[in-house]
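Enquirer: below: sequence and its predicted model.
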Amino acid sequence: MSRSSLRIIAVILTTLIIVVLVNAFDRLPASVRTQIESERAVFASAQNQLQDAQSAVSRETQADSAFFSALAVSRQWPGFFEGAKGNLQSARRDLDELSDLEKHGHYRDRAHAEHLINDERALRTAALARASNVQSEAAHWLERERHLPAELPQMERDYQQIHGFDLASLNAAIGKAESDWPAKKPDLETRLASVRALQTSSDDLWRSTAASRAAATSGSLSGADAAALLNAADELKTSAASLPKQAADLETLSGQLYDSWDKILVDMEVRGFGSSRDYDQKIRTVRTHDGTSTSEEQWVSVTPSTYDAMRNDLGMAIEQKPAGKFDSEADHVAQPAGFAYIASPSQGSNQYGYWDHHDGRSFWVFYGQYALLRDLLFNRSYRPLETREWESYRTERSQGHTYYGQGDSGAAAPKYGTNGTATQERYSGSTYAKQGGFRDSPYASRSGSYRDSPYATPMSRNREDDHSGKVFGSHPRPEEPHAAPPHSYRPAPRAPPRSFPSGGGGRRFGRRGR
């Protein structure tokens with residue numbers, strides 16, 4: 001054989017040896033194969049444990065069938081065992097796939113194998129936990145039956161707690177709320193009846209179990225009667241815990257009718273870059289109770305989708321709950337802050353203010369006691385509204401739309417919301433404005449300075465310009481009677497909460513840590 005042929009054969013043999021060696025080592029790591037082998041043994045043990053638990057419960061329920069048949073909970077146990085078996089069947093499928101990887105898998109399959117091992121363990125553990133819970137529950141009920149007389153003192157304490165619970169405070173609160181808010185009377189009566197029913201049904205249950213309790217004391221009660229008495233004891237225990245909570249919740253609910261509140265989006269900020277951006281909103285919550293208004297401000301982190309959904313709503317009430325409604329009935333359609341407190345022109349007035357008629361036109365004026373509420377809602381820059389603007393607002397609201405109005409110049413610019421002329425004036429000191437947010441508005445001045453915008457408040461322009469009052473629509477606006485002069489706004493400091501007494505109540509501003 002020639003020397004060249006020998007060289008070729010040597011190369012071929014070397015290649016084959018390398019291939020064999022690579023194939024020999026290209027398999028799942030030994031540690032993973034050891035885990036698979038261990039899981040097989042543990043799985044087999046789990047199957048036996050599940051079968052043993054089901055058999056034990058079956059023997060107990062058959063031995064005291066009258067007792068367990070009267071327990072509603074025992075009828076759920078077969079389903080729990082079936083669920084446990086289903087878990088093991090899923091675990092078996094994972095093991096079968098692991099066995100195949102053990103034989104034919106490669107090193108690159110390690111991550112997949114480890115995932116299957118973890119999944120199989122979780123399913124097996126869940127199956128045994130279900131079986132163990134059923135077994136423990138069956139033993140618990142048997143223990144209670146054997147020591148039935150010991151249940152009676154607690155049963156009596158629970159009944160006495162329910163029977164002696166005083167509903168006078170709740171009855172008075174509901175009675176007052178029904179008188180003050182007649183439209184809520186049917187709802188409140190239904191809720192109150194459910195609370196009173198806890199006492200009524202507990203009295204009935206206590207009387208109906210008198211004979212069973214006497215028999216249990218003498219140790220002569222067993223089977224279905226024992227189960228019925230234990231069920232009654234549990235019902236009383238649940239009612240004893242539930243009655244005070246339900247009564248307190250209902251009294252709190254009736255109290256919500258006396259409060260109005262608004263959540264106003266007063267600032268927005270995006271921090272960071274790319275996927276590391278943080279989206280924050282500053283929410284002012286304004287609450288009014290018995291003519292006293294308070295306010296709290298807080299920065300909150302929101303998701304990008306939430307931020308985008310409210311991108312156009314700066315200065316708007318993003319949630320509003322009027323007096324006479326529950327918190328769960330709050331309006332979540334954004335609206336210009338403060339509009340919800342204005343009466344219809346046909347109504348003329350309400351507890352917050354009235355329509356004032358001057359020179360053939362009508363303007364809404366807030367009563368003096370609600371001056372703080374007005375300032376908080378309009379960010380200390382309230383311009384009395386005309387009836388036509390309120391009517392346009394109501395038309396949009398009736399259709400479920402957000403009303404953004406029209407700028408005072410009568411041009412295409414909106415008046416409210418992020419792009420609104422009124423908003424750019426009221427929130428010029430906000431973080432959003434300082435970061436150039438208003439410059440992105442299609443209605444902002446092209447120079448980048450809001451001072452040069454045709455929609456800017458007169459006092460924000462050059463001091464030599466005409467500082468005459470702004471106009472509504474195309475008509476000059478007369479001096480507004482009873483209206484407070486406009487104020488400049490300075491954003492709440494990012495500092496610990498403080499209180500600002502004013503008028504009928506305080507104003508509180510808070511800022512979460514950043």
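Expert: Looks like it came in fine.
Enquirer: tell me which helix or strand comes right after the one helix or strand residue 4 maps to.
Expert: Here residue 4, judged by DSSP states H and E, is contained in helix 3-25. With elements assigned by DSSP H and E, the helix or strand that comes after helix 3-25 is helix 30-63.
Enquirer: chain center to that following helix: distance?
Expert: 41 Å (C-alpha atoms, centre = their mean, to the nearest Å).
Enquirer: ok, now stretch 209-228?
Expert: Chain-centre distance of stretch 209-228: 46 Å, with C-alpha atoms, centre = their mean.
Enquirer: now do it: everything it contacts.
Expert: 64, 66-71, 145, 148-149, 151-152, 155, 229, 232 (C-beta atoms under 8 Å, 6 or more residues apart in numbering). C-beta coordinates here come from the backbone N, C-alpha and C atoms, glycine included.
Enquirer: what about 7 Å?
Expert: Contacting residues not belonging to stretch 209-228 are listed as 66, 67, 69, 70, 71, 145, 148, 149, 152, 229, 232 [C-beta atoms under 7 Å, 6 or more residues apart in numbering].
Enquirer: can I get these in CSV including distance to residue 368?
Expert: Converted to CSV, the contacts of stretch 209-228 look like this (distance: C-beta to C-beta, whole Å):
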residue, distance to residue 368
66, 76
67, 73
69, 72
70, 69
71, 67
145, 71
148, 70
149, 70
152, 65
229, 66
232, 61
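Enquirer: redo these as a markdown table? Include neighbour count and secondary structure.
Expert: Shown next, in a markdown table, are the contacts of stretch 209-228 (neighbours: other C-beta atoms under 10 Å; DSSP: H, G, I helix; E, B strand; the rest coil):
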| residue | neighbour count | secondary structure |
| --- | --- | --- |
| 66 | 12 | helix |
| 67 | 22 | helix |
| 69 | 14 | helix |
| 70 | 17 | coil |
| 71 | 21 | coil |
| 145 | 20 | helix |
| 148 | 21 | helix |
| 149 | 12 | helix |
| 152 | 17 | helix |
| 229 | 24 | helix |
| 232 | 20 | helix |
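Enquirer: ok, of these, which one's closest to residue 278?
Expert: Of all the contacts of stretch 209-228, residue 71 has the smallest distance to residue 278: 53.5 Å, by C-beta to C-beta.
Enquirer: what does the closest one show for phi and psi?
Expert: The phi/psi pair for residue 71 (degrees, to the nearest 10) reads phi -100, psi 120.
Enquirer: and for it, nearest residue in space, chain neighbours not counted?
Expert: Excluding the flanking residues, the one nearest residue 71 by C-beta to C-beta, 6 or more residues apart in numbering is residue 227, at 5.1 Å.
Enquirer: remind me which helix or strand that neighbour belongs to.
Expert: Residue-wise, residue 227 maps onto helix 223-256 under DSSP H and E.
Enquirer: and for residue 344?
Expert: Going by DSSP H and E, residue 344 is not part of any helix or strand.
Enquirer: and it, what pLDDT?
Expert: According to the prediction, residue 344 has pLDDT 95.
Enquirer: and the gap between it and residue 303?
Expert: Relative to residue 303, residue 344 is positioned 37 Å away (C-beta to C-beta, to the nearest Å).
Enquirer: the two: who's more crowded?
Expert: Ranked by neighbour count (other C-beta atoms under 10 Å), residue 344 and residue 303 place residue 344 first, with 12 against 9.
Enquirer: could you report the neighbour count for residue 415?
Expert: For residue 415, using other C-beta under 10 Å, the count is 21.
Enquirer: sorry, wrong one. I was asking about residue 264.
Expert: 28.
Enquirer: shouldn't it be within a strand?
Expert: Yes: with DSSP: H, G, I helix; E, B strand; the rest coil as the criterion, residue 264 is located in a strand.
Enquirer: that one and residue 335 touch, don't they?
Expert: No: at 10.3 Å, residue 264 does not count as touching residue 335 under the criterion of C-beta atoms under 7 Å.
Enquirer: any common contacting residues for the two?
Expert: Common contacts of residue 264 and residue 335, defined by C-beta under 7 Å, 6+ apart, comprise 316, 317.
Enquirer: buried set for stretch 180-190?
Expert: Residues 181, 184, 188 are the ones in stretch 180-190 that count as buried (16 or more other C-beta atoms under 10 Å).
Enquirer: let's have the residues you listed in TSV, adding distance to residue 279.
Expert: Shown next, in TSV, are the buried residues of stretch 180-190 (distance: C-beta to C-beta, whole Å):
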residue	distance to residue 279
181	38
184	38
188	40
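Enquirer: sorry, back to before: list just the nearest of the contacts of stretch 209-228 to residue 309.
Expert: So of those, ranked by how close each gets to residue 309 (C-beta to C-beta), first place is residue 71, at 50.1 Å.
Enquirer: ok, which stretches of the stretch 151-300 of the chain are strands?
Expert: 259-271, 278-289, 292-302 (DSSP state E, counting those that start in this stretch).
Enquirer: how far out from the middle of the chain is the second one?
Expert: Going by C-alpha atoms, centre = their mean, the spacing between the C-alpha centre of strand 278-289 and its chain's C-alpha centre is 16 Å.
Enquirer: circling back to that earlier point, now do the buried residues in the helix holding residue 227.
Expert: 225-233, 236-237, 239-240, 243, 246-247, 250-251, 253-254, 256.
Enquirer: also stretch 128-137?
Expert: Quick answer for stretch 128-137 (16+ other C-beta under 10 Å): 128, 130, 131, 134, 135, 137.
Enquirer: hmm, which helix or strand of the protein has the shakiest average pLDDT?
Expert: strand 498-499 (a mean of 35; mean pLDDT, DSSP states H and E).
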